[in-house]
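**Q** here is my input; please provide its structure:
(one chain, ligands or ions: 1)
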Amino acid sequence: MGRIVILVGSMRKGGNTDLLAQAFAEGAGKNNTVETVSVADYKVNPCVGCNSCFTREGNCCFQKDDMAEIYKKLEIADMVVIASPVYFYGISAELKAIIDRLHTPMRNKFRVKKLALLLVGAATLPELFDAIKLQYQLVLNFFHLEDAGMVLVRGVKGMGDIKGRKELEEAYNLGTSINDKRPRITRQVKETGSELELLKHLDRLHTTELGVVRIKRNLSLDTEDVLGWCKEKIALDYAIITRSGKNWYVNVDNFVITVNVHSYTIITAHKEKRRGKD
Ligand SMILES: Cc1cc2nc3c(=O)[nH]c(=O)nc-3n(C[C@H](O)[C@H](O)[C@H](O)COP(=O)(O)O)c2cc1C
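**A** Reported below is the predicted structural model:
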């Protein structure tokens, strides 16, 4: 569980940036506390470059405006998401004002470890996001931050043009990936999507009395909680899930667990047969 602050840089409430940020927030909210800060709700003056924050107590800016509230949220954030419309190949001025005001506290005070980037723009040019991406990379390098990922959406201009675009799902998925302890999606999972269903619905797994007896015998298990044991194994991030016919097969720790695709019944489990002579 981490704390994520999404900085939304469009004054247009319910616009494309907002909707992209919402999709991310929905996904990230599963494993994190997410707070959205929209420039439309705060009045933040630009940095005046006085450098008094270098020496002021708590590295606070002398300006008395809504930034005080945003500082409080960022002070306890583990991750920050920059969400912006492209304005003249850069981020919006309102969002840049907030970021500039982080000059000293970002270095001395905050505990932020990760950044992510969500961008929307009207053009479909391949180079549309290049300037922002470069700036983002330089910031990551300078502050030694981890890049959690980015979703970039071209060709959205009018209010809500982004609706129905696949990038909303990408943003949601990026959100769910933050602090997700479930197994990573294997190449095969990504291609077929079916194995992902098993990971999404671990709570639907069950087994039968006969299944318990069979699994305990085949694996020489000592536990009474065979279902819990199987769930834990399936959720391990190195478990490999494949589908063949009506079953999923989960290869993990030299065991193979068989799950019925339709009923989510754990049918059996056995030790993996070793290849070769030994
Ligand atoms: C001042 C301004 C500058 C813009 N500059 C660009 C630009 O350089 N490239 C581009 O593709 N779109 C540009 N746009 C279009 C916006 O990026 C696009 O409409 C975006 O979807 C707006 O997001 P929103 O709905 O969240 O406000 C600009 C829009 C405005 C208002």
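**Q** so how many other residues sit close to D225?
**A** Other residues near D225 number 11, with proximity taken as other CB atoms under 10 Å. Any C-beta I mention is one placed from the backbone N, CA and C, and that applies to glycine too.
**Q** ok, now which ones touch it?
**A** The contact partners of D225, by CB atoms under 8 Å, 6 or more residues apart in numbering, come to none.
**Q** cool, and A123?
**A** 86, 154-155.
**Q** dump those to JSON lines, plus secondary structure.
**A** Output for the contacts of A123, formatted as JSON lines (DSSP: H, G, I helix; E, B strand; the rest coil):
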{"residue": "V86", "secondary structure": "coil"}
{"residue": "R154", "secondary structure": "coil"}
{"residue": "G155", "secondary structure": "coil"}
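**Q** give me the contact list for stretch 104-111.
**A** Stretch 104-111 has contacts (CB under 8 Å, 6+ apart) with 53-54, 58-60, 71, 74-78, 102, 112, 143.
**Q** quick check: the farthest pair among those residues?
**A** F54 and D78 (25.1 Å; CB to CB).
**Q** if you count what's nearby, which of the two comes out ahead?
**A** Shown here are F54 and D78; by other CB under 10 Å, D78 has more neighbours (18 against 11).
**Q** the more buried one reaches R3, doesn't it?
**A** Yes. D78 lies in contact with R3 (CB atoms under 8 Å); the separation is 5.3 Å.
**Q** tell me who's in contact with K13.
**A** Here K13 is in contact with 38, 40 (CB under 8 Å, 6+ apart).
**Q** and if we set it to 10 Å?
**A** Neighbouring residues of K13 by CB atoms under 10 Å, 6 or more residues apart in numbering: 38, 40-41, 159.
**Q** can you list those in a markdown table and add neighbour count, pLDDT and secondary structure?
**A** Below are the contacts of K13 laid out as a markdown table (neighbours: other CB atoms under 10 Å; pLDDT from 0 to 100; DSSP: H, G, I helix; E, B strand; the rest coil):
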| residue | neighbour count | pLDDT | secondary structure |
| --- | --- | --- | --- |
| S38 | 20 | 98 | strand |
| A40 | 15 | 98 | helix |
| D41 | 13 | 98 | helix |
| M159 | 14 | 97 | coil |
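**Q** what's the burial count for E224?
**A** If we define neighbours as other CB under 10 Å, then E224 has 10 of them.
**Q** for it, give its distance to the ligand.
**A** Per CB to the nearest ligand atom, to the nearest Å, E224 is found 54 Å from the ligand.
**Q** surely that residue is within a strand?
**A** No. Assigned with three-state DSSP, E224 falls outside any strand and is coil.
**Q** got a list of what it touches?
**A** E224 is in contact with 212, 216, counting by CB under 10 Å, 6+ apart.
**Q** between the contacts of A123, which is nearest E167?
**A** Nearest member of those to E167, counting by CB to CB, is R154, at 9.1 Å.
**Q** which residue sits closest to the closest one, ignoring its sequence neighbours?
**A** Leaving aside its sequence neighbours, R154 sits nearest to T124 (CB to CB, 6 or more residues apart in numbering; 4.7 Å).
**Q** same check on K157?
**A** A122 (3.7 Å).
**Q** just to revisit the earlier point, which of the contacts of stretch 104-111 are buried?
**A** Neighbour-count burial (16 or more other CB atoms under 10 Å) is assigned, among the contacts of stretch 104-111, to 53, 59, 71, 74, 77-78, 102, 112.
**Q** okay, these in TSV with pLDDT, distance to the ligand and secondary structure next?
**A** Below are these laid out as TSV (pLDDT from 0 to 100; distance: CB to the nearest ligand atom, whole Å; DSSP: H, G, I helix; E, B strand; the rest coil):
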residue	pLDDT	distance to the ligand	secondary structure
C53	92	29	helix
N59	83	31	helix
Y71	94	24	helix
L74	95	21	helix
A77	95	22	coil
D78	94	25	coil
L102	93	22	coil
V112	94	23	coil
